[in-house]
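Trainee: coords please:
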Amino acid sequence: MIEKLVEQVEERFAELERLMSDPDVIGDRERYAEVGREYRELEPARELAARWRQLRGDLEGARELLAEDGGDDEELRRLVADAPERLRELEDEVRLAMVERDPNDEKNVIIEIRAGAGGDEAGLFAGDLFKMLTRYAEERGFATEVLSQSAAEVGGFKEVTFEIRGQGAYSVFKFEGGTHRVQRVPKTESQGRIHTSTATVAVLPEAEEVEVEIAPEDLQVDVYRSSGPGGQSVNTTDSAVRLTHRPSGIVVSMQDEKSQLQNRDKAMRVMRARLYEQALAQQRAEIAADRRSQVGTGERSEKIRTYNFPQGRVTDHRIKLTAHNLDEVLTGDLSEFTSALAAEEKRARLEAQTELA
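Mentor: So this is what the prediction gives:
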């Protein structure tokens with residue numbers, strides 16, 4: 001079976017190389033970009049396949065030489081002893097590299113962070129998560145844009161919605177969706193007791209208009225005046241926009257921009273993303289009816305990751321990974337978690353594909 005897979009990888013890669021130099025493909029920007037993307041995605045699998053084929057050839061040659069001279073060459077005997085295990089490892093790596101990707105991986109993302117349980121401390125923690133994710137985005141070379149925000153009185157956010165733009169943004173940030181839990185002594189705590197608070201993060205792949213069709217009659221549009229803290233009017237025109245999608249009941253409000261048109265545009269982007277995520281969730285539910293929702297209720301007992309300040313550690317409960325560099329993680333050093341979660345996702349997808357095969 002692995003031989004057949006390696007041949008498929010080699011043949012498809014050779015075909016993509018040919019297409020990359022085809023004048024007709026080069027002249028079609030969209031087609032050329034599509035071929036280039038598949039070429040880049042297949043390259044790691046092709047490299048692994050080449051290493052597997054090379055090692056298998058070396059092993060066969062070593063066995064023949066040992067059979068001819070009686071097995072006196074120590075290096076050849078070591079190769080014959082070690083190569084089978086390495087070949088099995090390469091087989092697994094090739095299969096993992098060929099796992100079908102999430103079709104949304106290349107998309108931009110819209111992220112919504114909301115303070116959960118814990119009062120003021122939850123709002124401060126929501127602010128910490130916002131800084132962590134936007135800094136991580138900047139380190140990865142992505143662009144960020146705040147779409148809407150509601151500041152908490154003591155700092156941080158009641159909720160904040162922002163977009164991360166760049167090729168592969170969803171593949172990086174999709175693992176951040178869920179309930180995040182923090183354990184620390186709040187600044188307002190006089191007796192030094194540790195408090196536990198939460199914030200929820202929703203990560204939505206941004207949907208294009210062609211992917212989510214919204215019928216005009218299904219959309220209720222309300223305009224009103226923007227207001228600042230305490231309900232004070234900060235705008236003398238009806239620039240704020242509230243969109244209500246009647247069939248689903250989803251409501252999106254935007255008031256950060258001075259222009260009604262800009263607020264409506266931002267609200268539509270978030271609405272499309274939420275409807276797209278809802279459709280994806282329904283598809284997943286059909287496949288796994290017991291799958292829990294991404295965010296949950298925000299209760300302290302629900303968590304994907306815990307940030308423990310007294311011990312300076314961060315634990316991702318989905319993969320049982322603990323790191324002792326809390327300060328670095330909160331300044332955007334999430335690569336270790338992203339890599340481990342991506343590897344686990346690939347393993348799970350490979351298992352699912354194997355079961356269906």
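Trainee: Tell me which residues are up against stretch 328-346.
Mentor: Under the criterion C-beta atoms under 8 Å, 6 or more residues apart in numbering, residues 96, 99, 102, 128, 131-139, 171-172, 175-176, 305, 307, 314, 316, 318-319, 321, 323, 325 lie in contact with stretch 328-346. To be clear about C-beta, it is placed using only N, CA and C from the backbone, and glycine gets the same treatment.
Trainee: and these, which of them are in strands?
Mentor: 305, 307, 314, 316, 321, 323 (DSSP state E).
Trainee: Make TSV out of those and add pLDDT and neighbour count.
Mentor: Formatted as TSV, these follow (pLDDT from 0 to 100; neighbours: other C-beta atoms under 10 Å):
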residue	pLDDT	neighbour count
Arg305	96	22
Tyr307	97	21
Val314	97	24
Asp316	96	21
Leu321	95	16
Ala323	96	17
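Trainee: now, among those residues, which is nearest to Ala122?
Mentor: Each of the ones in strands among the contacts of stretch 328-346 was checked against Ala122 using C-beta to C-beta; the closest is Tyr307, at 12.6 Å.
Trainee: Run through the strands of the protein in chain order.
Mentor: 109-115, 143-151, 157-165, 178-184, 195-205, 219-224, 240-245, 250-254, 305-308, 313-316, 321-323.
Trainee: Which secondary structure elements does the shortest one sit against?
Mentor: Same thing as strand 321-323. Under the contact criterion of 3 or more C-beta pairs under 8 Å, 6 or more residues apart in numbering; DSSP states H and E, strand 321-323 touches strand 313-316, helix 335-356.
Trainee: so can I have CSV of the ones you listed showing distance to Glu213?
Mentor: As requested, those are exported to CSV (distance: least, C-beta to C-beta, whole Å):
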stretch, distance to Glu213
strand 313-316, 37
helix 335-356, 29
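Trainee: Of these, which shows the lowest average pLDDT?
Mentor: For these, mean pLDDT drops lowest on helix 335-356, to a mean of 81.
Trainee: Any of the contacts of stretch 328-346 buried? List them.
Mentor: Taking 16 or more other C-beta atoms under 10 Å as the criterion, what is buried in those is 96, 99, 128, 132-137, 171-172, 175-176, 305, 307, 314, 316, 318, 321, 323.
Trainee: Out of those, name the ones that lie in helices.
Mentor: 96, 128, 132-137, 171-172 (DSSP state H).
Trainee: Take the strands of the chain and write them to JSON lines, including distance to Leu90.
Mentor: Below are the strands of the chain laid out as JSON lines (distance: least, C-beta to C-beta, whole Å):
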{"stretch": "strand 109-115", "distance to Leu90": "33"}
{"stretch": "strand 143-151", "distance to Leu90": "38"}
{"stretch": "strand 157-165", "distance to Leu90": "35"}
{"stretch": "strand 178-184", "distance to Leu90": "34"}
{"stretch": "strand 195-205", "distance to Leu90": "33"}
{"stretch": "strand 219-224", "distance to Leu90": "53"}
{"stretch": "strand 240-245", "distance to Leu90": "49"}
{"stretch": "strand 250-254", "distance to Leu90": "47"}
{"stretch": "strand 305-308", "distance to Leu90": "33"}
{"stretch": "strand 313-316", "distance to Leu90": "28"}
{"stretch": "strand 321-323", "distance to Leu90": "25"}
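Trainee: Ok, which of those comes nearest Glu91?
Mentor: Here strand 321-323 is closest among the strands of the chain (C-beta to C-beta), at 25.6 Å.
Trainee: Pull up the pairing partners for the closest one, direction included.
Mentor: strand 313-316 (antiparallel) (DSSP bridges).
Trainee: Can you give the distance from the partner strand to the centre of its chain?
Mentor: The chain centre lies 18 Å from the centre of strand 313-316; the measure is C-alpha atoms, centre = their mean, to the nearest Å.
Trainee: CA atoms only: put that strand into CSV for me.
Mentor: What follows is strand 313-316, C-alpha atoms only, in CSV (Å, rounded to 0.1, in the frame of the first residue of the first chain):
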residue,chain,number,x,y,z
ARG,A,313,2.9,27.3,33.4
VAL,A,314,0.4,26.8,30.6
THR,A,315,-1.4,23.5,30.0
ASP,A,316,-3.4,22.6,26.9
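Trainee: Name the surrounding residues that touch that strand.
Mentor: Under C-beta under 8 Å, 6+ apart, the answer for strand 313-316 is 304-308, 321-326, 329, 337, 340-341.
Trainee: make it 6 Å
Mentor: 305-307, 322-324, 326, 329, 337 (C-beta atoms under 6 Å, 6 or more residues apart in numbering).
Trainee: In TSV: the residues you listed, plus distance to Ala122.
Mentor: TSV is the format used below for those (distance: C-beta to C-beta, whole Å):
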residue	distance to Ala122
Arg305	15
Thr306	14
Tyr307	13
Thr322	23
Ala323	23
His324	24
Leu326	18
Val329	19
Phe337	22
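Trainee: Would you enumerate the residues in contact with the closest residue to Leu204 other than its chain neighbours?
Mentor: Nearest residue to Leu204, sequence neighbours excluded (C-beta to C-beta, 6 or more residues apart in numbering): Ala273, at 4.0 Å. Contacts for Ala273 (C-beta under 6 Å, 6+ apart) come out as 110, 204, 206-207.
Trainee: thinking again about what came up before, of the strands of the chain, which stretch is the most buried?
Mentor: strand 109-115 (a mean of 25; mean count of other C-beta atoms under 10 Å).
Trainee: Partner strands of it and their direction?
Mentor: Partners of strand 109-115 in its sheet, by DSSP bridges: strand 157-165 (antiparallel), strand 195-205 (antiparallel).
Trainee: chain center to stretch 78-87, what's the gap?
Mentor: 37 Å.
Trainee: Residues contacting that stretch, please?
Mentor: Residues contacting stretch 78-87 (C-beta under 6 Å, 6+ apart): 55, 59, 62-63.
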